[in-house]
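> Curious how this folds, go ahead:
(chains A, B and C)
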Amino acid sequence: MTADTGYTLGEIAAYLELECTGDPAVEISGIANLQEAQAGQLSFLFDPSYRKHLLNTKASAVVLSRQDAQNCPAERIIADDPRLAFARLTKLFDPAPMPEPEINKSAEISSTALVGENVYIGPHAVVDEQAIIESGAIIGAGCVVGARCRVGKNTRLWPNVTLYHDVALGDDTIIHSGVVIGADGFGFTLDRSSGRMQKIHQVYGVSIGSDVEIGAGTTIDRGALNDTVIGNGVKLDNQVQVGHGTIIGDHTVISGCSAIAGSVRIGSYCLIGGAVGIINNLEVTDRVEITAMTLVSQSILKSGRYSSGTGLLPSGLWKRSIVGFRKLDGIIKQLRNLEGRISKLDHGKQKK
Amino acid sequence: MTADTGYTLGEIAAYLELECTGDPAVEISGIANLQEAQAGQLSFLFDPSYRKHLLNTKASAVVLSRQDAQNCPAERIIADDPRLAFARLTKLFDPAPMPEPEINKSAEISSTALVGENVYIGPHAVVDEQAIIESGAIIGAGCVVGARCRVGKNTRLWPNVTLYHDVALGDDTIIHSGVVIGADGFGFTLDRSSGRMQKIHQVYGVSIGSDVEIGAGTTIDRGALNDTVIGNGVKLDNQVQVGHGTIIGDHTVISGCSAIAGSVRIGSYCLIGGAVGIINNLEVTDRVEITAMTLVSQSILKSGRYSSGTGLLPSGLWKRSIVGFRKLDGIIKQLRNLEGRISKLDHGKQKK
Amino acid sequence: MTADTGYTLGEIAAYLELECTGDPAVEISGIANLQEAQAGQLSFLFDPSYRKHLLNTKASAVVLSRQDAQNCPAERIIADDPRLAFARLTKLFDPAPMPEPEINKSAEISSTALVGENVYIGPHAVVDEQAIIESGAIIGAGCVVGARCRVGKNTRLWPNVTLYHDVALGDDTIIHSGVVIGADGFGFTLDRSSGRMQKIHQVYGVSIGSDVEIGAGTTIDRGALNDTVIGNGVKLDNQVQVGHGTIIGDHTVISGCSAIAGSVRIGSYCLIGGAVGIINNLEVTDRVEITAMTLVSQSILKSGRYSSGTGLLPSGLWKRSIVGFRKLDGIIKQLRNLEGRISKLDHGKQKK
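Residues are numbered from 1 along each chain as shown, chains lettered A, B, ... in the order given. Purely as a prediction, here's the structure:
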């Protein structure tokens, strides 16, 4: 289910500034995989394992490399990096509505807020005191923008996003629905006299760069002793948790459901898989890759790929393996003992 | 804390179309476990380990099998499948308010939306362009229904649900609060010339079947190259994440906090435990059971039960085990070496 | 980014009822770590590893113990428990806006709801039938308070919180944005005749104590056979999931993204790390500590520290270890076999 937007092949090639071999007047109504594309659709080839589908594709045109182009039964757009060219052209087919600038009459906007030009503020949104909404920003229905927040130019908040006070968002940033930024970090200390946990108020804010995308339901807490910082170009998937005072470097990508505790420092260009956990106060250097569901329990100071966990097993075999896991310390001792006994036997034999 | 709704035992038996032995006029004010039930309450017995509580129950009536009925000190409703009978009758005691059909005056409904008969749309809800709300649907307070969405007959959105554009929901479906359906899937590719991540726009939508239930805070992304599809009768618990283009077969049940990446194909009648991770592009066939917190790192093409992880241990023992885990490759080599040395010794002995 | 609030050192010491050595008129504009604090800021020392930063701090004053005070180059506040003193004073610098009592005109409040004195109800909030909002409570923008809920005295709901019907919150409790309390627990049973899952309606409610804090995006389900109960003083971090009928004892602290299934009983003063999973029907006794990303797959009846999982490894080494994990049962058998063969060799030798 998608809204078709019509472009000609020539228009698409011009948008990409790429060479088009074939009829530029061909109408392209949508995009699809090589094997699922229908007439009128544009497809792409960059993964070698899909090369086998090229000859039989029904796509009207394909974005691909010059060497693959010769085997292409359809019209072609030639790209040095077909994956990037494809990514760029998807924008043309994005059915997301772009609201016209408007301040909905049901929105509640503080008289001390500053709202720039060409801004959209949707129904039932709230903009609190001294908040700044820069020009071209889109604030979806039901969003709450707290006191002293800044929403950068052309930044879009999809509906039902909540920003607490003192949250700064850069330009060209996308925040998906259900995101909460700036809630109190999780800080308590036991009061021994009363037996209750004393709250540590989280007095700093959150600073988020430009060209950032934050997935649905993600939560980013405000800092206790320094701002929580998300660098430029960072991409966070859905339901990620970022703890108080954590700093994430530019262009790092974190997949869904990862839990980053507080005061973690993550470098730039890291690739963090889904459902990864990183415990508090650790450092992860630049260009680290962490595989899905890994627990990062110590700092990673050297770039590379890291993992934890066990492989997937049928439950019967798995149960026998976890019994062995529990005995590993004993296994090592037993091995050492056997080694000693064999050495003695060897020695005895050699003596003879 | 629950609202009591009064039925007689006879009315309940009639609703279930089951036999009632005892006084059908007994008033039943609520339901509870055998050991916690009070006079006036209805209880049930299907788990054999609860049989010991039957004789001492204070319940006024019990739903149970014919063979258990003879030891029951209370009135009885006899069922071949007492668990199913109990499940069915819980509906009678559900205190959830059922709002009367009404379009709240504070709701913002596009003039191009189509709203069926007997629909409830709550305060501050938003229904965007060309959305279709079928008859009997309930749209809770603060919900946002995006452009071109379809909400099926008698489907209920609890408050503060967000549907992006091009999301189709079947009939008799329940969507709990905080759910976000149709946000952009997580797709980027590195643009080497600029060093930034290029967004892959997610141009397809989401299609959700009938008789589906989706738990609070769950997120289901729209597809990049095909619709994300949730089959009929699927039940997703709270805070589940479903990635772009993933397809989940009919009647599959997924427990809380599981993270399903993109382009995963899951079969029918699977039982997926809590906090399970499934990495992208994998296939899981029909009737697969996956235990809690398992990482599915390869396709599962054969029905059965699968697991990963280690057992729970006191932390001291666990620390020694993870040292052993790190040495496992060495342990295997050492074993091979010892085996060789013993064989040599054996051989020497036999020679003599 | 934080709003500075001005206090003098003397005022802060008086608030803490602690001794201040130095000029009580010194103006304090904020708080920071020893190594990051600037003139005008207050710092603290309780972690011995920070002692090295004391001599060079630029802070205008430091909260610290009497023995550390002699090496302090700044003004001092002397505390027996400097960590607790610091936690307590953070409140003075909290920039969170405290709204004045007001019922916003866009809020939708049932005529049968009871609203106490000095209550704030924000824009677009909804308070349903027979709900009770006690005095001093703050209901943020876009919140929904369901039928028959009770929100205790001075309890604060940040924006966009959803309470279903029959949810009771104690006094002095903080609920962060995106929280959903009282959604249906995850209960179904297979109806073999139709092949579909029959819903078990969740007829009980949720009861939450006083002095509780619940983090952003956390979900707490209503019970099927008893209320879900969160004790006094409990602190739940962001994106925690609590299943139906689960009971959490007083002052237990649960870190982010933990998934607690249904009918779990957790004791008091437990410390549960991030991304922990606890499967249904288990019991965890008082004062249990569970490390991050542990799966609790059996009851814990003895206080102590528990863990599961493997340590973090470079992916190459990790792959060799998971091969070994799969072979653990075989390794144990092989060891037993080698032991037997060595014993025989030993025996043969001794015989000679």
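> any idea how far the residue in chain A positioned nearest to chain C lies from B:T310?
Nearest residue of chain A to chain C, counting by CB to the nearest CB: A:G324, 2.7 Å away. The C-beta positions use only the backbone N, C-alpha and C, and glycine is treated the same way. Separation of A:G324 from B:T310 (CB to CB, to the nearest Å): 10 Å.
> One more: A:G195?
34 Å.
> my read is A:S343 is in a helix, agree?
Yes. Secondary structure of A:S343 (DSSP: H, G, I helix; E, B strand; the rest coil): part of a helix.
> Name the helix or strand of chain A that has the lowest mean pLDDT.
One helix or strand of chain A scores below all others by mean pLDDT, DSSP states H and E: helix A:328-351, with a mean of 86.
> tell me how far that helix is from the chain's mean position?
51 Å (CA atoms, centre = their mean, to the nearest Å).
> could you give the angle of that helix to helix C:328-351?
Helix A:328-351 and helix C:328-351 meet at an angle of 30 degrees, taking axes from the mean of the first three to the mean of the last three CA atoms, to 10 degrees as the criterion.
> does helix A:328-351 come close to chain B?
Yes. Contact of helix A:328-351 with chain B (CB under 8 Å from any CB of the partner chain) involves A:328-329, A:331-332, A:335, A:338-339, A:342, A:345-346, A:349.
> Now list the buried members of those residues.
A:328-329, A:331-332, A:335, A:338, A:342, A:345 (16 or more other CB atoms under 10 Å in any protein chain shown).
> what would these look like in a markdown table with distance to C:S255?
Below are these laid out as a markdown table (distance: CB to CB, whole Å):
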| residue | distance to C:S255 |
| --- | --- |
| A:L328 | 27 |
| A:D329 | 28 |
| A:I331 | 33 |
| A:I332 | 32 |
| A:L335 | 37 |
| A:L338 | 43 |
| A:I342 | 48 |
| A:L345 | 53 |
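> need the contact list for the closest residue to chain B within chain A.
The nearest approach of chain A to chain B comes at A:L328, 2.6 Å away (CB to the nearest CB). Residues near A:L328 by CB atoms under 8 Å, 6 or more residues apart in numbering or on different chains: B:320-321, B:323-325, B:327-328, C:328.
> Let me have stretch A:134-143 in CSV, keeping just the CA atoms, if that works.
C-alpha atoms of stretch A:134-143 as CSV (Å, rounded to 0.1, in the frame of the first residue of the first chain):
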residue,chain,number,x,y,z
GLU,A,134,13.2,27.6,13.8
SER,A,135,12.0,28.2,10.3
GLY,A,136,10.7,25.3,8.3
ALA,A,137,10.2,23.0,11.3
ILE,A,138,7.3,20.7,11.5
ILE,A,139,5.7,19.9,14.9
GLY,A,140,3.3,17.0,14.6
ALA,A,141,-0.1,16.6,16.3
GLY,A,142,0.0,16.1,20.0
CYS,A,143,3.7,16.9,20.4
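> Quick one: neighbours of A:N118, just the number.
Residues contacting A:N118 under the criterion other CB atoms under 10 Å in any protein chain shown number 14.
> which SS class is it?
Under three-state DSSP, A:N118 comes out as coil.
> Tell me what the spatially closest residue to A:K319 that is not a sequence neighbour is bridged to.
Spatially, and ignoring its direct neighbours in sequence, A:K319 is nearest to B:S307 (7.7 Å; CB to CB, 6 or more residues apart in numbering or on different chains). B:S307 has these beta-bridge partners by DSSP bridges: A:L313.
> how about the residues of the stretch 51-200 of chain A near chain B?
Going by CB under 8 Å from any CB, the residues of the stretch 51-200 of chain A near chain B are A:81, A:83-84, A:86-88, A:90-91, A:93-97, A:104, A:106, A:122-124, A:140-142, A:158-160, A:174, A:176-178.
> All good on my end, thank you.
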